[in-house]
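output the structure for:
(chains A, B and C)
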Amino acid sequence: MTLLAVEDLTVSLPTRRGWARAVRDLSFALDRGQTLGLVGESGCGKSMTALALMGLQPEGARVAGRIALDGEDLLTLDEADLCRIRGNRMAMIFQEPMTALNPLQPIGRQVSEPLRLHRRVGRAEAEREAVRLLDRVGLPNAAQRAHAHPHMLSGGQRQRAMIAMALACGPDLLIADEPTTALDVTIQGQILDLVIELVDERGMALILITHDLGVIAETVDRVIVMYGGAGVEEASSEALFDYRAHPYSQGLFAALPQIGLARGARLEPIPGTVPDLADLPDACTFVDRCPIAAGACRAAPPPPLAVARGHRARCIRLEEARNRSIR
Amino acid sequence: MSIAADDGPGMVARAFRHRSFAIGAVLTGLVIAAALVSLFWTPYSAIELAVPRKLRPPSAEHPFGTDHFGRDILSMIMVGARNSIVVGVVAVAIGCSIGTALGLLAAARRGWVEELVMRFSDFTFAFPAILSAIMITALLGPGTINSILAIGIFNVPVFARLARGAASTIWARDFILAARAAGKGQARITVEHVLPNILSIVIVQATIAFALAILAEAGLSYLGLGTQPPLPSWGRMLNDAQTFMYDAPYLAVFPGLAIAVAVLGLNLLGDGLRDLIDPRLARKR
Amino acid sequence: MMPPEESLAAPVLRTTGLHRRYLLPRRALFGPRDSVHAVNGVDIAIPERGSLGIVGESGCGKSTLARLAMGLEPPSEGRVEIRGQDLAQASGPALKLLRRAFQMVFQDPYGSLNPRHTVGRIVAEPIDALEKPADRRQRVEEVLRAVGMRPADLDKYPHEFSGGQRQRIAIARALVTRPALIVLDEPVSALDVSVQAQVLNLLRDLQEQYGLAYMLISHDLAVVDYVCRQVAVMYLGRIVEEGPASLLFERPAHPYTQALRQAVPSAAVANRRRRRARLPGGVPSQTRLPPGCAFADRCPIAEARCRVEVPRLREIGPGQRAACHLA
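Model prediction:
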């Protein structure tokens, strides 16, 4: 059975100008051992998707659709049942470990917290397990460092502690929201390697949320490109990095400077700015910035169309997009 | 993020939907109106004695009654409001201007200047304000001007601390760095960038300091150190009322009520302003 | 590092033996005061119309170097020269005249514009401070147009603009004195990819159009590669390698540059199984610098000599210099 099946997930946020759909009709499925990347720019809905999966969407938000974990629809559960699942079967790593960790508690205590909460393990036993976990995530001198407070660790070490905390109960699904964005590039490499190793070792499923296409390329098997709350393109990483079908994905790659590639050439920016969610039309979300938009694009949200096997894009002008990318 | 959001239209409309701001504005308006009207007209003279009418309880003729010299209490409260407002405005103006200037200076210069300003304000804070005010008026002699000075001086460190704290956070912002990179000096940066960005906080503090000054003036007058007879003052009216506490309790009730209305009104106004000016709170509403 | 034909004229920016130390608060009442060596002996020269990118991870001193170059902080040792004039010696009217020659753009487009000032006032700030020209409004309109904004935006406030537009405003402010050099401190790192490309192209165009020299500080190697011809890599307050971007990124000589180059995930092809050699550990403390090479503790090829003797920058190829005994 699929571990996680998300169907038509829609998250609406109340704004002064009415409801803004931060996530629109997002569907995907994920098995144990699989890795999925959600990539997009700010406001594309990638982080909101993660929060909705965890049942942590902001107060007042409306979540519709279906989020099935091993067949159980999480949207029908009450808060108490969600608490049983959060930190236990699904765990999350955040971008900024300094704000996600409690500054007043030693990290060993924080890592042992989920065990005591979900597994009813005694304090001494839980703290011994915490040291084992901290050691596993590569914190040097784990037994001593377990008594350290978060501010005594470096950014990379704090992120390791966050990962240990997420791993404590052996979750089936790990959600990592920009886990390396706050870190230096040499440390980013270490952390990504660790996440991949742990996913392979424990057979977890991973959802990695990032704006960095390079991180996507080197970390996950499948990718969903998001824009304006919609998943505009979904493919295996190999397929996507080989050929982009959606005009937005094409634009995103054309705008990305890469060492050695762009020195002589010129980047092709996407005109306009990343839009406000409340301003997006009830049609293709990219239509206002799309170089090949037609009248029909404004009529209705485009359905996901097959590009190749396992490769879909929400665009009704895939042919034009293909010609454009060849030119 | 953007502090300028409060400059947008709809500020006034939003202000009056804010309950404590609206109530505060009405109460404060009442006190100001009483003071303004008293400049041209009072039901009776607030100064001339009319002993035959002394100690009359509230009636149609004298809504708030008369005191032991037969003066109309309502008239005295109206004139007293004028007095309270003058003392409050001038004292706060002194404290606010000197204090804010010192705070801005401390934040701009840092180093020993900042040390000096802060230690000075610590020193002043170490004495309870009302005691020091008593000391100053006792030293310089009682009277309106001296009580204004005393209250004003003890507002200086309050504003100095507030302004320094707020200004220091502004100095840490990138647009200050940009102004320095553009070639502007400390004085110009303080006037053009720092002051406008801390002004709202200072204004809020000023309304609250205004309420405290009215209270302090009443306290000093109650002790006989503030406004001198024959000019009526809320604090001295309370003092006088003490003697007749059992015969004419209304003598204490009405000036007490006037002080309460003024202080409550200004405090609510200050709270409301603080909420309205804070853009993060404004956006939620 | 200067092309021969320009070496006769004074470079627009030259630093010699630049040091910057910050004293830390005493730990004990009469204890010694530790200091942080943010910049530790840096010599750079940027010719007219040249472009130097400074890369490095957090704490390498690159932002401090930018502030020293701008005269926003005094150096602890060494000198900063603008067009051959010592910045520390200039004062009063001479400094005002000199200031027109070099301007700066900051990282955070939200924090670097005063929210209470109009765009017109923000952009005019440097000429108001330095020149008070009669054609103030024309000059402001001209630079606004140069960065792709409309003169009608003059009376608006920063919060009415998106991040990319705000950064254009910040660039217009730097341009308005008709400078010879603009110091750019992480100018696009707060922007989304699609918008980042717009600003990067603008920077390239403006350099061409106005004959500007750039000093670009960035943690993103690809951004530096796109905008700059020359690159310097910093580690713990020192330049460890410098040279033309093409050489330095294709054939990095210093082990740190190699590791940095390696650590950048590539978006060229997806390859989840690609594993690379990673640098161990993190950037060490800047308080107590090791006696030899600052990188020795993390260096995969360090020898005994590296821990004793500080390596000097030396020519290792045409225009390429590295501070490594073994390069």
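
for the rest of this, base every contact and every neighbour count on C-alpha atoms.
Fine.

now do the contacts for the closest residue to residue C:268 other than its chain neighbours.
Closest residue in space to residue C:268, ignoring its immediate chain neighbours: residue A:241 at 6.9 Å, by CA to CA, 6 or more residues apart in numbering or on different chains. Listed by CA atoms under 8 Å, 6 or more residues apart in numbering or on different chains, the contact set of residue A:241 reads A:217, C:267, C:268, C:269, C:270.

figure out the helix or strand that residue A:207 lives in.
Using DSSP states H and E, residue A:207 sits within strand A:205-210.

what's the spacing between the next helix or strand along the chain from that strand and its chain's center?
Where DSSP H and E defines the elements, the next helix or strand beyond strand A:205-210 is helix A:213-219. Relative to its parent chain, helix A:213-219 has a centroid offset of 12 Å by CA atoms, centre = their mean, to the nearest Å.

go ahead and name everything in contact with the helix or strand following helix A:213-219.
Sequence order places strand A:222-227 as the next helix or strand after helix A:213-219, per DSSP H and E. Outside strand A:222-227, the residues that touch it by CA under 8 Å, 6+ apart are A:35-41, A:43-46, A:216, A:231-237, A:240, A:248-249, A:285-286.

the residues you listed in strands, which ones?
Counting by DSSP state E, these place A:35, A:36, A:37, A:38, A:39, A:231, A:232, A:233, A:234, A:235, A:236 in strands.

for the first one, give its distance to chain B.
Right, the one you point to is residue A:35. 36 Å (CA to the nearest CA, to the nearest Å).

contacting residues around the residue nearest to that residue when sequence neighbours are not counted?
In this structure, residue A:35 finds its nearest non-sequential neighbour in residue A:206, 4.6 Å apart by CA to CA, 6+ apart. Contacts for residue A:206 (CA under 8 Å, 6+ apart) come out as A:33, A:34, A:35, A:36, A:173, A:174, A:175, A:176, A:199.

which pLDDT value belongs to residue A:206?
Per-residue confidence (pLDDT) for residue A:206: 95.

so the residue nearest the centre of chain C bridges to which residues?
Against the mean C-alpha coordinate of chain C, by CA atoms, centre = their mean, the closest residue is residue C:217 at 2.8 Å. Beta-bridge pairing of residue C:217 under DSSP bridges involves residue C:54, residue C:185.

isn't it right up against residue C:55?
Yes: judged on CA atoms under 8 Å, residue C:217 makes contact with residue C:55 at a distance of 6.2 Å.

give me the common contacts of the two.
C:62, C:224.

now the longest helix anywhere in chain A: mean pLDDT?
As assigned by DSSP state H, the longest helix anywhere in chain A is helix A:185-202. The average of the pLDDT scores along helix A:185-202 is 89.

wait, does that helix contact chain C?
Yes: shown here: helix A:185-202 in contact with chain C (CA under 8 Å from any CA of the partner chain) through A:185, A:186, A:187, A:188, A:189, A:190, A:193.

hmm, who's touching that helix?
A:33, A:137, A:156, A:159-160, A:170, A:180-181, A:204-206, A:219, C:57, C:259-260, C:263-264, C:275, C:278-282.

before we move on, back to that, now that we have the contacts of residue A:206, which one has the most neighbours?
Counting neighbours by other CA atoms under 10 Å in any protein chain shown, residue A:173 leads those with 29 neighbours.

which strand residues bridge that residue?
Beta-bridge pairing of residue A:173 under DSSP bridges involves residue A:90, residue A:205.

what is the nearest of the residues of helix A:185-202 next to chain C to residue C:25?
Of all the residues of helix A:185-202 next to chain C, residue A:187 has the smallest distance to residue C:25: 28.9 Å, by CA to CA.

please report how far the closest one lies from residue C:41.
For residue A:187, the distance to residue C:41 (CA to CA, to the nearest Å) stands at 26 Å.

the two: who's more crowded?
Between residue A:187 and residue C:41, residue A:187 has the larger neighbour count (other CA under 10 Å), namely 24 against 17.

who's in contact with residue B:34?
By CA under 8 Å, 6+ apart, residue B:34 lies in contact with B:78, B:79, B:81, B:82.

among those residues, which two are most distant?
The distance between the two most remote of the contacts of residue B:34 (CA to CA) is 6.8 Å, for B:78 and B:82.

which residue, neighbours along the chain excluded, lies closest to the residue positioned nearest the centre of chain B?
Using CA atoms, centre = their mean, the residue of chain B that lies closest to the mean C-alpha position is residue B:210, 0.7 Å off. If the residues on either side of it in the chain are set aside, residue B:210 comes closest to residue B:88, at 5.2 Å by CA to CA, 6+ apart.

do I have it right that the one you found meets residue B:211?
Yes: under the criterion of CA under 8 Å, residue B:88 makes contact with residue B:211 at 7.5 Å.

circling back to that earlier point, CSV for the ones in strands among the contacts of strand A:222-227, including distance to residue A:2 and pLDDT?
Formatted as CSV, the ones in strands among the contacts of strand A:222-227 follow (distance: CA to CA, whole Å; pLDDT from 0 to 100):
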residue, distance to residue A:2, pLDDT
A:35, 13, 94
A:36, 14, 95
A:37, 17, 95
A:38, 19, 96
A:39, 22, 95
A:231, 20, 94
A:232, 22, 95
A:233, 21, 96
A:234, 18, 96
A:235, 18, 95
A:236, 17, 94
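
which one of the residues you listed sits closest to chain B?
Distance to chain B across these (CA to the nearest CA) is lowest for residue A:39, with 26.2 Å.

could you tell me the end-to-end distance of stretch B:168-184?
End-to-end span of stretch B:168-184 (CA to CA): 17 Å.

do that stretch and chain C meet?
Yes: residues of stretch B:168-184 contacting chain C under CA under 8 Å from any CA: B:173, B:174, B:175, B:176, B:177, B:178, B:179, B:180, B:181, B:182, B:183, B:184.

rebuild the residues you listed as JSON lines, extending it with secondary structure.
Output for the residues of stretch B:168-184 next to chain C, formatted as JSON lines (DSSP: H, G, I helix; E, B strand; the rest coil):
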{"residue": "B:173", "secondary structure": "coil"}
{"residue": "B:174", "secondary structure": "helix"}
{"residue": "B:175", "secondary structure": "helix"}
{"residue": "B:176", "secondary structure": "helix"}
{"residue": "B:177", "secondary structure": "helix"}
{"residue": "B:178", "secondary structure": "helix"}
{"residue": "B:179", "secondary structure": "helix"}
{"residue": "B:180", "secondary structure": "helix"}
{"residue": "B:181", "secondary structure": "helix"}
{"residue": "B:182", "secondary structure": "helix"}
{"residue": "B:183", "secondary structure": "coil"}
{"residue": "B:184", "secondary structure": "coil"}
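
farthest-separated two in these?
B:173 and B:183, at 16.3 Å, using CA to CA across these.

these two - which one has more neighbours?
Of the pair residue B:173 and residue B:183, residue B:183 is the one with more neighbours under other CA under 10 Å, namely 25 against 17.

quick one: that one and residue C:129 touch, right?
Yes: with contacts counted by CA under 8 Å, residue B:183 reaches residue C:129, the gap being 5.9 Å.

hang on, the earlier thing: any idea which of the ones in strands among the contacts of strand A:222-227 is closest to residue A:88?
Using CA to CA, those come closest to residue A:88 at residue A:35, 18.8 Å.
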